[in-house]
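Colleague: one predicted model, sequence on top.
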Amino acid sequence: MLHELRRASSRDVLTPRSSAAVAPALQAELGLPPRAWLPRHRPQGQRLSRLPSPLPFRGTHQGRECVREGGGSRRGGSPASGPAEEGASPVGPASRQAGWRPFLTLCPLQTYISPSAAIIQAETAEGEAAAMLHNMRVYGTCTLVLMAMVVFVGVKYVNKLALVFLACVVLSILAIYAGVVKTAFDPPDIPVCLLGNRTLSRRGFDICAKFHTANNSTTPTALWGLFCNSSMPSATCDEYFAQNNVTEIQGIPGVASGVLLDNLWSAYTDKGAFVERKGTPSVPVPEESRASGLPYVLTDIMTYFTMLVGIYFPSVTGIMAGSNRSGDLRDAQKSIPTGTILAIVTTSFIYLSCIVLFGACIEGVILRDKFGEALQGKLVIGMLAWPSPWVIVIGSFFSTCGAGLQSLTGAPRLLQAIARDGIIPFLQVFGHGKANGEPTWALLLTALICETGILIASLDSVAPILSMFFLMCYMFVNLACAVQTLLRTPNWRPRFRYYHWALSFLGMSLCLALMFICSWYYALVAMLIAGCIYKYIEYRGAEKEWGDGIRGLSLNAARYALLRVEHGPPHTKNWRPQVLVMLNLDEEQRVKHPRLLSLTTQLKAGKGLTIVGAVLEGTYLDKHVEAQRAEENIRSLMGVEKTKGFCQLVVSSNLRDGMSHLIQSAGLGGMKHNTVLMAWPESWKQEDNTFSWKNFVETVRDTTAAQQALLVAKNVDLFPQNQERFGDGDIDVWWVVHDGGLLMLLPFLLRQHKVWRKCRMRIFTVAQVDDNSIQMKKDLQVFLYHLRISAEVEVVEMVENDISAFTYEKTLMMEQRSQMLKQMQLSKTEREREAQLIHDRNTASHSVVATRTQAPSTPDKVQMTWTKEKLIAEKYKNKEPGVSGFKDLFSLKPNQSNVRRMHTAVKLNGVVLSRSRGAQLVLLNMPGPPRNRQGDENYMEFLEVLTEGLNRVLLVRGSGREVVTIYS
């Protein structure tokens, strides 16, 4: 057998065999204890993601993982230790970051400095992970208490300790550079064993060879026992082991070896892949099942570019440290830019130079050996450093201690500043502290947050989202700077000479890209949380002198949009009611008809502009306090009625001029109202309220001159509130004059609101006897179909009959009452006597009127209007001057035009009452006022007769611009 072994050793190649485990007989022959060569299973529990320190040490001790880096590895055959991570780092806001700094401090302490210091020992390999987590909880709590006490004493002591920690870090960095220089002429002896081109774990064997020759005898090595089941030539060995040689290379060949060219390019691997050395000859074999126990170094996670970006990012998360401690700086405007830029340049140089030097000194298989399995778990950077590996271990320990102290120093101050600003109300208690300004309560809250992270111990699940918070912090800082510059706000005056908004925008874009590169779903969660916090601050937070950047952005966007809106009339497709609501105020500056705002809210489906206006009589110097109180009352009522719009109050010497000013000047640029909504003056007939109906008629004329539509709500106090619901009912539209289609649009908008949603829409149109009613109905149904409005259609025929005596008498009474009040300044008793005399004489003339209506000289027929042209023709037909003069006061012959108008109003009112008495709402065309102002009171009487007996009436007078077509 020994002869066969010597022959096999001379060529170092065995006959291909199938893979099998080592037989117990070969174990006894080689003097190995049962399974003593097998590597210990690495615990499957918690492992830290990365060390956020300038010293990227790596490796494990006794199977306990401390630092995870990109392209990690594990021993072949051991279970996958923990879930496959994607390189997310456990970082977040400063208070959260401080929580895992003490946790990281324990890694070098328990793993490299004092492994025997563990309080809780594990009896089995499977319990080792849980034991280490318990130890970290105990030591982490103790470390946090010590750090919090140092910070509580004062920031000056932290600064003194920071100098000590910084000295240790600088010494460690210099030791790394010294070790790199030393490798140029005296590289360290760090052998790495390869089988073919595959890296082998050095746990379980010492000699990197298949056979060992000693005392003229050749015996199989422990490595042979790992791959074969016997020491005989006929032993069954792993096929790859049989066909490939075992070689030994230097793990750190030095900067003069030229290994940089081999490590220059990327080498991404999948999970469970062999860590292979490029350029080493290897005999490939068919894909075999990787038997448990084979000492290969395997990657435990899949590596790719975005994961490596996430691994590198935590190394630069300290750029806000200076800003967090700006309150402790003598000249923050000078120190923060200079110190931050120098810190970034210094750390970036250290990081990048270390990466390049590591690639120039260390073999690629060692760099990709995540847990240092090929080096028996030793710290590779410690082996590279000069003069001793302990420099790196101790430097890493103090580096994490210093980082934890800095986080515990900055986070409470940031929290205290937020609390003192009152941004988040429930945090105001943490704004208090010592007399010298030290944040005592904020430090306590920060320590509690840190303790929560330490007690959790397993940070793998929360690490990605904590990274998102850091990225969001930087993203919003850059966004704020860029937005303030683009808005050109006067209070934005950056002192830094080389600042440009493009740099801020680039930083914001990079942060946003990194968020989605690292983890898109965690990025969405982080943005959702940030949005909720912003809305909470907007709703409950205090308003400070630095204002809201979003408001400035909104103002600039509104200005840009207003400049783009055309000043001319909008296109038909874009027309929508932009409503100016004219409110009346009482003596206490409260709204008289609040349900007018309810109607406005119910019309909000048009999504147009809403301006709520009111007029206060007097001068502004005398009434400015009442004006402010009235405006507050209107805004409060708008909030109650959920009316979204603007409030505009005018103080004028009289109501007439104030309402005219509102109609002319309300709005801004192209965002002006095109519709006026007001209430009908219910008490216009009262003798002491003469100016009420005069103001109303003049307002109607103003809207006509401004080419604006007019909506008049009669019996407005009977209109429903927003809380009411109509279970059924009708909205009746009496379409007498075709003036653009606003009558069609308004009930459609009302039915979009929940108050009117269940009401049916009915459209009545008026025809004369000689009109084709059937064809008119069909045409109107087709028109509504193209308008995509569902409604019932009915054509009402009004027969041309004689003017009744009642109409004649009512007209005469109206005219003579008006003339009597205007031209005769009679006493109350005399007015009553003269009115009775007029009534008696008119009663005696009824038969005469009836005879005249049958004579050939009968007045013209009453024209029922179907088109606007007919209405205009009627307006100018048989125009006669009104009665003016005392001699005509008791004339028995009233104005014939007034008789016809009164007849039309009475007949139309009767038809409307016969069909719409029970309707929830009636919409009617509103005729225009007369040109002669002497007939204004008659005009009011006509409208009163037209709407008499109806509960809720909305009089609509279109301007001709609000054309509703099949395309709108």
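Modeller: In hand now; what should we look at?
Colleague: what are the buried residues along stretch 492-510?
Modeller: Residues of stretch 492-510 classed as buried by neighbour count (16 or more other C-beta atoms under 10 Å): S504, F505, G507, M508. C-beta: built from backbone N, CA, C; applies to glycine.
Colleague: residues contacting the first one?
Modeller: Read it as S504. Neighbouring residues of S504 by C-beta atoms under 8 Å, 6 or more residues apart in numbering: N478, L479, C481, A482, T485.
Colleague: how about TSV for those, with pLDDT and secondary structure added?
Modeller: As requested, these are arranged in TSV below (pLDDT from 0 to 100; DSSP: H, G, I helix; E, B strand; the rest coil):
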residue	pLDDT	secondary structure
N478	92	helix
L479	91	helix
C481	90	helix
A482	90	helix
T485	87	helix
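Colleague: of these, closest to G949?
Modeller: L479 (63.1 Å; C-beta to C-beta).
Colleague: tell me the contacts of that closest one?
Modeller: L479 sits next to S504, M508 when contact means C-beta under 8 Å, 6+ apart.
Colleague: give me the phi and psi for G645.
Modeller: Backbone torsions of G645, given as degrees, to the nearest 10, read phi 180, psi -160.
Colleague: and it, how far from L408?
Modeller: As for G645, its distance to L408 is 51 Å (criterion: C-beta to C-beta, to the nearest Å).
Colleague: ok, the two, which is more surrounded?
Modeller: Taking neighbours as other C-beta atoms under 10 Å, G645 and L408 compare with L408 leading, 27 against 19.
Colleague: pLDDT (mean, whole number) over stretch 348-365?
Modeller: Computed over stretch 348-365, the mean pLDDT rounds to 92.
Colleague: what about stretch 276-287, distance to the chain center?
Modeller: Chain-centre distance of stretch 276-287: 53 Å, with C-alpha atoms, centre = their mean, to the nearest Å.
Colleague: before we move on, back to that, of the contacts of S504, just the buried ones, ChimeraX syntax please.
Modeller: The following ChimeraX line selects those of the contacts of S504 that are buried, judged by 16+ other C-beta under 10 Å:
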select :478,479,481,482,485
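Colleague: surely K271 meets T299?
Modeller: Yes: in terms of C-beta atoms under 8 Å, K271 counts as a neighbour of T299; the distance is 6.2 Å.
Colleague: those two: which is more packed in?
Modeller: Neighbour comparison, K271 and T299: the larger count goes to T299, with 22 against 14 (by other C-beta under 10 Å).
Colleague: separation between the more buried one and V365?
Modeller: For T299, the distance to V365 equals 11 Å [C-beta to C-beta].
Colleague: ok, the contacts of S504 vs I663, which is closest?
Modeller: Distance to I663 across these (C-beta to C-beta) is lowest for T485, with 41.2 Å.
Colleague: just checking, that closest one touches W492?
Modeller: Yes: if you go by C-beta under 8 Å, T485 and W492 touch, sitting 6.5 Å apart.
Colleague: in the stretch 501-650 of the chain, which spans are helices?
Modeller: 501-518, 520-540, 549-564, 595-602, 620-641 (DSSP state H, counting those that start in this stretch).
Colleague: got JSON lines for those, with mean pLDDT and distance to E239 too?
Modeller: Shown next, in JSON lines, are those (pLDDT from 0 to 100; distance: least, C-beta to C-beta, whole Å):
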{"stretch": "helix 501-518", "mean pLDDT": "90", "distance to E239": "41"}
{"stretch": "helix 520-540", "mean pLDDT": "83", "distance to E239": "43"}
{"stretch": "helix 549-564", "mean pLDDT": "75", "distance to E239": "67"}
{"stretch": "helix 595-602", "mean pLDDT": "93", "distance to E239": "83"}
{"stretch": "helix 620-641", "mean pLDDT": "92", "distance to E239": "82"}
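Colleague: ranking those by burial, who's on top?
Modeller: helix 595-602 (a mean of 23; mean count of other C-beta atoms under 10 Å).
Colleague: so that one versus helix 620-641, what angle?
Modeller: Between the axes of helix 595-602 and helix 620-641, defined by axes from the mean of the first three to the mean of the last three C-alpha atoms, to 10 degrees, the angle is 50 degrees.
Colleague: how is the protein carved up into domains?
Modeller: Following the TED database, one gets these domains for the chain: 571-724, 728-845+896-963.
Colleague: where among those is the average confidence lowest?
Modeller: Lowest mean pLDDT within these: domain 728-845+896-963, a mean of 76.
Colleague: about what we covered before: can you list the domains of the chain in JSON lines and add distance to L448?
Modeller: JSON lines is the format used below for these (distance: least, C-beta to C-beta, whole Å):
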{"stretch": "domain 571-724", "distance to L448": "40"}
{"stretch": "domain 728-845+896-963", "distance to L448": "48"}
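Colleague: pull the contacting residues for W734.
Modeller: With contact taken as C-beta under 8 Å, 6+ apart, W734 is in contact with F764, T765, V766, L908, V912, S916, V922, L923, L924, N925.
Colleague: quick one: list the elements packing against the strand or helix carrying the fourth one.
Modeller: What that stands for is L908. Using DSSP states H and E, L908 sits within helix 896-916. On a contact count with 3 or more C-beta pairs under 8 Å, 6 or more residues apart in numbering; DSSP states H and E, helix 896-916 meets strand 730-735, strand 760-767, strand 792-797, helix 805-823, strand 921-925, helix 936-946.
Colleague: report how many residues lie close to G422.
Modeller: G422 has 16 nearby residues by other C-beta under 10 Å.
Colleague: correct me, but it touches I537?
Modeller: No: at 10.0 Å, G422 does not count as touching I537 under the criterion of C-beta under 8 Å.
Colleague: about what we covered before: send me the helix holding L908 as CSV with only the CA atoms.
Modeller: Below are the C-alpha coordinates for helix 896-916, written out as CSV (Å, rounded to 0.1, in the frame of the first residue of the first chain):
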residue,chain,number,x,y,z
GLN,A,896,-99.6,97.9,-23.4
SER,A,897,-96.0,96.5,-23.2
ASN,A,898,-96.4,96.1,-19.5
VAL,A,899,-99.8,94.4,-20.0
ARG,A,900,-98.1,91.9,-22.3
ARG,A,901,-95.3,91.2,-20.0
MET,A,902,-97.6,90.8,-17.0
HIS,A,903,-99.7,88.4,-19.1
THR,A,904,-96.6,86.3,-20.0
ALA,A,905,-95.5,86.2,-16.4
VAL,A,906,-98.9,85.1,-15.1
LYS,A,907,-99.5,82.5,-17.8
LEU,A,908,-96.0,81.1,-17.4
ASN,A,909,-96.3,81.0,-13.7
GLY,A,910,-99.5,79.1,-13.9
VAL,A,911,-98.0,76.5,-16.3
VAL,A,912,-94.9,76.1,-14.1
LEU,A,913,-97.1,75.7,-11.0
SER,A,914,-99.2,73.0,-12.7
ARG,A,915,-96.2,70.8,-13.4
SER,A,916,-93.4,71.8,-10.9
